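K.L.:
I'd like to go over a predicted model; first the sequence, then the structure.
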Amino acid sequence: MSRSELKKLAKERLKDAKILLDAGNYSGSYYLCGYAVECGLKAIIAKNIKGNLFPDKDFAAKCWTHKLDKLAELANLNIPLENKLSADQDFAVSWSLTKDKWSERSRYKRYSKRDAKELYFAVSDNDHGVLSWLTNYW
């Protein structure tokens, strides 16, 4: 999947999450919020792969994960993330909520309206949201 496809998918999944949230499908919304962040991080990883160079086998294998903190590391966001976390307490809460509470196993769980709204806001907020911040790097 290309970088542009991953960026588009991240945006679409966030829109889908909002539609599901508004329709009362909280569990589906919750899952898609985290999936949008995953796609955003993978778009940044794709950007960092130089030209037509085939990625190192070990690096490529590590990218097949759903763990958001690991993907942030693979996207070379360690320093920018640390800086953002230090400078923006609201973002720090959003990042912590997103990376600590969402996983690929979220698709098998049930979530409340409150849970879904909380994660949607953590991901989508224009000033302190995780996906909003990631768009600066993709």
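P.N.:
Nice, I can see it.

K.L.:
Downstream of the worst-scoring helix or strand of the chain on mean pLDDT, the next helix or strand is which one?
P.N.:
Least confident helix or strand, the chain: helix 57-62 with a mean of 84, by mean pLDDT, DSSP states H and E. Sequence-wise, the next helix or strand downstream of helix 57-62 (DSSP states H and E) is helix 68-74.

K.L.:
For the following helix or strand past that next one, C-alpha coordinates in PDB please.
P.N.:
Later in the chain than helix 68-74, the nearest helix or strand by DSSP H and E is helix 78-87. Output of helix 78-87 as PDB, limited to C-alpha atoms (Å, rounded to 0.1, in the frame of the first residue of the first chain):
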ATOM      1  CA  ASN A  78      10.700   9.600  19.100                       C
ATOM      2  CA  ILE A  79      12.200  13.100  19.400                       C
ATOM      3  CA  PRO A  80       9.200  15.000  17.900                       C
ATOM      4  CA  LEU A  81       6.900  13.000  20.100                       C
ATOM      5  CA  GLU A  82       8.900  13.700  23.200                       C
ATOM      6  CA  ASN A  83       8.900  17.400  22.400                       C
ATOM      7  CA  LYS A  84       5.200  17.400  21.800                       C
ATOM      8  CA  LEU A  85       4.400  15.500  24.900                       C
ATOM      9  CA  SER A  86       6.500  17.900  27.000                       C
ATOM     10  CA  ALA A  87       5.000  21.000  25.400                       C
END
